[in-house]
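A.B. asks: prediction below, plus the sequence it came from.
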Amino acid sequence: MPVLIVFLLLFSSAVLAKTLPATNFQVTHNFINKMAKEHHFNKDELHLIFSKVNLIVADKKNKSSKKRKKSKPLSWDKYRALFITDKRINNGVQFWKDNLSTLKRAEKQYNVPQEIIVAILGIETNYGNNKGTHPTLETLARLSFGKHRRKKFYQKELEEFLLMSRENALPPLAIKGSYAGALGYAQFISSSYRYYAVDFDFDQKVDLFNSAADAIGSIANYFDKHQWHDFGPYTRPITLSSAQNNHATSSTNKPKKNALYWRNKGFQIDSDINNKTKLAFIRLPQDNHFETWLTFWNFYVLTRYNHDNRYAMTAVQLSEKIKQKFTQNHP
């Protein structure tokens with residue numbers, strides 16, 4: 001190895017040690033050792049990379065004696081209004097037109113409806129127009145090595161990020177994403193990128209940053225791997241008694257009991273639903289009341305993409321509006 005490179009690598013380790021608090025340097029150093037031991041990364045190269053990342057997080061703690069109040073989650077109607085707009089619907093129709101053959105191919109291969117794939121891309125990045133501007137390595141490193149309550153999760157994602165970068169020949173310092181480390185058109189976290197992203201344009205690389213085709217195929221593959229039921233239903237509105245409301249939750253609710261079970265409990269389940277169909281119930285908070293919904297398996301699968309009932313319901317309703325407008329021009 002040339003003398004200059006050796007000097008730069010040794011210098012980078014020294015810089016890393018000087019620019020970080022002792023505890024942060026030690027945990028970063030330990031992480032680098034782990035990556036070298038378990039995944040055969042070059043320690044000196046990782047020291048060089050991390051020396052170029054700002055790992056010091058400014059202290060934003062409120063020093064006032066008054067405790068900060070947690071912000072109240074948006075009500076369902078306000079959350080929905082952020083995404084279901086005429087502009088996003090129109091952009092979705094245009095994206096569908098521009099990528100029609102790829103969406104048809106994804107639907108045929110994975111049995112995931114085209115409009116659902118389009119809606120997910122619309123919610124996540126407005127069809128690739130807002131992929132994020134945060135340096136992902138720095139984002140994940142700060143969340144991993146600081147005091148974040150989920151630092152173990154983020155340290156695992158940092159590990160996956162470096163592996164993903166190496167596997168796809170991507171320069172880790174150049175990659176940008178969301179404030180939480182989500183990446184590309186589909187806003188996959190690094191582990192999802194590695195395990196669910198696919199080369200759907202057949203160019204011998206998986207690129208969720210620049211390839212709409214790879215994003216389309218990857219979203220379809222993600223749902224398929226989470227046991228999407230071919231073209232199954234999502235939701236129906238339902239009116240529940242006050243006692244039955246206890247079975248509807250604001251958190252994600254996995255269908256476990258079948259329609260016959262709920263009928264025997266006195267629930268008014270529509271007659272066209274088979275007794276063997278597994279169902280669940282959710283409630284979506286408005287300002288002064290709740291909407292209650294009967295949900296099917298595919299709705300639950302949508303919550304595997306984002307564990308929020310409001311997100312899944314937005315995906316369903318946005319997809320319906322996009323499909324309605326698309327089919328007016330493509331009967």
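C.D. replies: Sure thing, it's come through. Numbers count the residues shown, from 1 in each chain.
A.B. asks: what ranges does the stretch 151-300 of the chain have for its helices?
C.D. replies: Remark: helices assigned in the stretch 151-300 of the chain by DSSP state H, counting those that start in this stretch are 151-167, 190-196, 212-225, 259-264, 297-305.
A.B. asks: with distance to residue 122 and mean pLDDT added, can I get the ones you listed in a markdown table?
C.D. replies: (Each C-beta comes from the backbone N, C-alpha and C, glycine too.) Shown next, in a markdown table, are those (distance: least, Cβ to Cβ, whole Å; pLDDT from 0 to 100):
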| stretch | distance to residue 122 | mean pLDDT |
| --- | --- | --- |
| helix 151-167 | 25 | 96 |
| helix 190-196 | 19 | 98 |
| helix 212-225 | 11 | 98 |
| helix 259-264 | 32 | 97 |
| helix 297-305 | 13 | 98 |
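A.B. asks: need those helices in CSV (columns: mean neighbour count and distance to residue 131).
C.D. replies: Below are the helices of the stretch 151-300 of the chain laid out as CSV (neighbours: other Cβ atoms under 10 Å; distance: least, Cβ to Cβ, whole Å):
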stretch, mean neighbour count, distance to residue 131
helix 151-167, 19, 15
helix 190-196, 19, 13
helix 212-225, 24, 10
helix 259-264, 16, 41
helix 297-305, 22, 16
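A.B. asks: minimum distance to residue 25: which of those has it?
C.D. replies: Closest approach to residue 25 among the helices of the stretch 151-300 of the chain (Cβ to Cβ): helix 151-167, 15.3 Å.
A.B. asks: other residues contacting that closest one?
C.D. replies: Outside helix 151-167, the residues that touch it by Cβ atoms under 8 Å, 6 or more residues apart in numbering are 31, 34-35, 39, 41, 46, 136-137, 140-141, 143-145, 148, 170-172, 175, 181, 189-191, 193-194.
A.B. asks: re the thing from before, want to throw the helices of the stretch 151-300 of the chain into JSON lines with distance to residue 241?
C.D. replies: As requested, the helices of the stretch 151-300 of the chain are exported to JSON lines (distance: least, Cβ to Cβ, whole Å):
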{"stretch": "helix 151-167", "distance to residue 241": "39"}
{"stretch": "helix 190-196", "distance to residue 241": "40"}
{"stretch": "helix 212-225", "distance to residue 241": "34"}
{"stretch": "helix 259-264", "distance to residue 241": "13"}
{"stretch": "helix 297-305", "distance to residue 241": "22"}
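A.B. asks: please name whichever of the ones you listed is nearest to residue 236.
C.D. replies: helix 297-305 (10.1 Å).
A.B. asks: run the chain-centre distance for that closest one.
C.D. replies: The chain centroid and the centroid of helix 297-305 are separated by 12 Å under Cα atoms, centre = their mean, to the nearest Å.
A.B. asks: which helices and strands does that helix pack with?
C.D. replies: helix 212-225, strand 278-285, helix 309-329 (3 or more Cβ pairs under 8 Å, 6 or more residues apart in numbering; DSSP states H and E).
A.B. asks: now the angle from the first one to helix 297-305?
C.D. replies: Compare the direction of helix 212-225 with that of helix 297-305 by axes from the mean of the first three to the mean of the last three Cα atoms, to 10 degrees and you get 120 degrees.
A.B. asks: ok, and what's touching helix 212-225?
C.D. replies: By Cβ under 8 Å, 6+ apart, the surrounding residues in contact with helix 212-225 are 95, 98-99, 102-103, 105-107, 109-112, 116-117, 120-121, 128, 184-186, 188, 192, 195-201, 206-208, 301-302, 304-305.
A.B. asks: which among those residues count as buried?
C.D. replies: 95, 99, 102-103, 105-107, 110, 112, 116-117, 120-121, 128, 184-186, 188, 192, 196-198, 200-201, 206-208, 301-302, 305 (16 or more other Cβ atoms under 10 Å).
A.B. asks: this protein: strands as residue ranges?
C.D. replies: Using DSSP state E, the strands of the chain run over residues 134-135, 176-177, 235-237, 248-249, 257-258, 278-285, 290-295.
A.B. asks: may I see those strands organised as TSV, with distance to residue 164 and mean neighbour count added?
C.D. replies: Formatted as TSV, those follow (distance: least, Cβ to Cβ, whole Å; neighbours: other Cβ atoms under 10 Å):
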stretch	distance to residue 164	mean neighbour count
strand 134-135	15	18
strand 176-177	11	20
strand 235-237	34	13
strand 248-249	34	16
strand 257-258	39	15
strand 278-285	33	20
strand 290-295	33	20
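A.B. asks: in terms of mean pLDDT, which of these ranks lowest?
C.D. replies: Ranked by mean pLDDT, the strands of the chain end with strand 248-249 at the bottom, a mean of 90.
A.B. asks: in the stretch 1-150 of the chain, which spans are helices?
C.D. replies: For the stretch 1-150 of the chain, helices defined by DSSP H, counting those that start in this stretch occupy the ranges 3-19, 22-39, 43-50, 76-83, 86-98, 100-110, 114-125, 136-145.
A.B. asks: out of those, which comes closest to residue 326?
C.D. replies: Set against residue 326 and scored by Cβ to Cβ, those come closest in helix 86-98, at 5.0 Å.
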